[in-house]
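# Give me coordinates for this.
(4 chains)
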There are 2 protein chains.
Amino acid sequence: MLRGERTRAAVLEHAIGIASVEGLDGLSIGRLAAELEVSKSGVFARFGSKEELQLATVAAAREVFVDAVVRPAFEAPPGLARLWRLCAGWLTYSRERIFPGGCFFASAAAEYDARPGRIRDAVAAALTDWSSTLARAAEDARQLGQLESTCDIRQLTFELAALVDAANARSVLHGDDSAYDLARTGVRTRLLALATDQDALPD
Amino acid sequence: MLRGERTRAAVLEHAIGIASVEGLDGLSIGRLAAELEVSKSGVFARFGSKEELQLATVAAAREVFVDAVVRPAFEAPPGLARLWRLCAGWLTYSRERIFPGGCFFASAAAEYDARPGRIRDAVAAALTDWSSTLARAAEDARQLGQLESTCDIRQLTFELAALVDAANARSVLHGDDSAYDLARTGVRTRLLALATDQDALPD
DNA sequence: CCCCTTTGTGAACGATCGTGCTAAATCCTT
DNA sequence: AAGGATTTAGCACGATCGTTCACAAAGGGG
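Numbers count the residues shown, from 1 in each chain, chains lettered A, B, ... in the order given. Next up is the predicted model:
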C-alpha cells in the first residue's frame, strides 16, 4: 500500500515533464515505462487506462502549480499585494520552467481546447480555478479600497492573465525572455492605473 | 501536372482543419487518405514524408491567415486605422472559426514551442511575421503622429497580441465568446491611451 | 512463519503508424 | 492514336500504440 503510491508518484513526476513538452497525447505508456525502467504493464495497471493516466497527470500538475504560484502568493495579505504576487509569481513560475516545456496548462489547454472530453474538462476546470483566484484577489483589492470602486474586475483579470500567458508563449517559442519584462511592465501599468494609492503596490 | 496540384490542395485543405483541432501531430496520413477516399500512398507520395506534409500544412494555413486577416487590413491606410483593423480582423478571424479549432498558429505554437525542429521553426517564423506586421503598423502610426512619439512600440504590440490571443484561447476552451468583447475593449483602451487624436481610431 | 492481498512482469493481441516497392491507371505531348 | 511521364493504387514491412491475461515477486497481518 506504500510501494504503490511511490511508483505512482514517480510515474506522474516523469509524466508531467514529458507532457509539458510533448503534450498529453505525446505521453505513451511504453515510453514512460522505458524511461523509468519498469514494465509497461506495471505502469498501465496503476492507472487502468491511458485517459486515467492523463487525468492523473493533470491533477499532479495542478498541485505543482498551486505550490509554485498560488500558495506563495497567499502569504501576502488579501488585496492588491496578493494580486500582484499572483501575477509576479506566475511569471517566475514560467521563467524558471517549473515544467520543462513552460506552463503545463497553457500547453494542455491549447492541445485539448477543441476536443470535448474529460481531459479538456479537467484542464478547463484548472484554468477556471486560476481565473477565479485572480478575480477574487482583485475583488478583495477593490473592496478594500485599493482599486478604484468603478473598475471592471473581469476586464482587469482578463488582461492580467493575457499578459502573463503571452510572456510564457513567447519565451518558450522564441527563447525570448524579454517577454517577461514586457508582461511585468504591462501588469504594473494596469494595476497602477486602477490603484487608489500607488504605494500600495509592492516591489 | 494539374491533377497533382488539385489533390495536393484538397489534402492540405483537410489537413489544416484536422490540425487546428487535433494538432499537427494528430495529422495521420492514413486518416487523411480515408477521409478523402484516396489511397494512403497517394497522399504520402505527394509530400514525401510526414514532416513535409506538416510543413506544407503550416504554409497553407499561413496563406489562409493572410487572406483572412492581413490582406483585408491592408485596405486601410497605413497607421492607426490599419493597426486597428489588424486587431479587429484577427478577433473576427478567431471568432468565425476560419480554422475549426480556433487560431491555427496558437495551437501549433503551443504544440511545438518546446520541440526543436523544422516545424517549430516554421511556426515561429509565421508568428514573427505577424508580430512584425503589427509592429510595422504601430510604428507607421507613430511616425504619422497618430500615436504619441514617446510610446513604446514593442510594449504596445506585445500587449495587443496578448489580448487577442487570450480571447481566442478562452473562446475555444470555454466556449465563452464574451472574451472577444474583453479583448476588443482592451485593444481600444490601449490605442486610445496612446492616440494623439481620439477620432483617428475608426469604428 | 504462513497466507493472502497488493504490486509488478512478460508475452501476446489487434490496430495504426510512417514508409518502401511494384504495377496499374491516368494525363500530356507529339 | 501512340508513347512517355506523372500520379495513384495495392500490398507489405517493422515499429509502436493501448490493452489483456496468466503468473511471479513482494509485502504486511494473523
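
# Could you give the backbone dihedrals for A:G48?
Main-chain dihedrals, A:G48, degrees, to the nearest 10: phi 90, psi -30.

# Look up how far A:A125 lies from it.
The gap separating A:G48 from A:A125 is 21 Å, by C-beta to C-beta, to the nearest Å. Placement of C-beta: from N, CA and C, glycine included.

# next one: A:R71
For A:R71, the distance to A:A125 - C-beta to C-beta - is 19 Å.

# Where does chain A get nearest to DNA strand D, which residue?
Taking C-beta to the nearest atom of the strand as the measure, chain A has A:G30 as its residue closest to DNA strand D, at 2.8 Å.

# Now that residue: phi and psi?
Note on A:G30: backbone dihedrals following degrees, to the nearest 10 are phi -60, psi -50.

# and what of A:D113?
Torsion angles at A:D113 (phi, psi; degrees, to the nearest 10) stand at phi -60, psi -30.

# so how far is DNA strand C from it?
Between A:D113 and DNA strand C the computed distance is 21 Å (C-beta to the nearest atom of the strand, to the nearest Å).

# I figured that residue was touching B:G101, is that so?
Yes. The criterion here is C-beta atoms under 8 Å, and A:D113 meets it with B:G101 at 7.4 Å.

# more crowded one of those two?
Using other C-beta atoms under 10 Å in any protein chain shown as the criterion, A:D113 and B:G101 rank with A:D113 on top: 26 against 21.

# quick one, what contacts that one?
Each residue near A:D113 by C-beta atoms under 8 Å, 6 or more residues apart in numbering or on different chains is listed here: A:R120, A:V123, A:A124, B:G101, B:G102, B:S107, B:A169, B:V172, B:L173.

# measure it to B:P202 for me?
For A:D113, the distance to B:P202 equals 31 Å [C-beta to C-beta].

# swap in A:W90?
According to C-beta to C-beta, A:W90 stands 35 Å off from B:P202.

# of the two, who's got more company?
It is A:W90, of A:W90 and B:P202, that has more neighbours when counted by other C-beta under 10 Å, with 27 against 11.

# Any idea which helix or strand in chain A has the lowest mean pLDDT?
helix A:3-22 (a mean of 92; mean pLDDT, DSSP states H and E).

# For chain A, which segments count as helices?
A:3-22, A:29-36, A:40-47, A:50-65, A:71-73, A:80-95, A:104-112, A:118-143, A:153-174, A:178-194 (DSSP state H).

# Distance to DNA strand D and pLDDT for the contacts of A:D113 - can I get that in TSV?
Converted to TSV, the contacts of A:D113 look like this (distance: C-beta to the nearest atom of the strand, whole Å; pLDDT from 0 to 100):
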residue	distance to DNA strand D	pLDDT
A:R120	17	98
A:V123	18	98
A:A124	22	98
B:G101	22	97
B:G102	25	98
B:S107	21	98
B:A169	26	98
B:V172	24	98
B:L173	23	98
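
# filter those to the buried ones?
The neighbour count (16 or more other C-beta atoms under 10 Å in any protein chain shown) marks A:R120, A:V123, A:A124, B:G101, B:G102, B:S107, B:A169, B:V172, B:L173 as buried among the contacts of A:D113.

# Spit out the contact partners of A:K40.
Contact analysis of A:K40 by C-beta under 8 Å, 6+ apart lists A:I29, A:G30, A:A33.

# so how far is A:D25 from it?
According to C-beta to C-beta, A:K40 stands 18 Å off from A:D25.

# now A:E96
From A:E96 to A:D25 the distance is 26 Å (C-beta to C-beta).

# The two: which has the busier surroundings?
A:D25 (19 against 9).

# Chain B versus A:L156, what's the distance?
Applying C-beta to the nearest C-beta, to the nearest Å, the value for A:L156 to chain B is 10 Å.

# One more: A:R142?
Counting by C-beta to the nearest C-beta, the separation of A:R142 from chain B is 17 Å.

# Does that residue touch A:I153 like I think?
Yes. The pair A:R142 / A:I153 is scored as a contact, 6.5 Å apart, by C-beta under 8 Å.

# So between those two, which is more surrounded?
Neighbours were tallied for A:R142 and for A:I153 using other C-beta under 10 Å; the higher tally belongs to A:R142 (22 against 17).

# In contact with that one, which residues?
With contact taken as C-beta under 8 Å, 6+ apart, A:R142 is in contact with A:E148, A:S149, A:C151, A:I153.

# Burial check on the third one, number of neighbours?
So the one you mean is A:C151. A:C151 - counted by other C-beta under 10 Å - has 16 other residues nearby.
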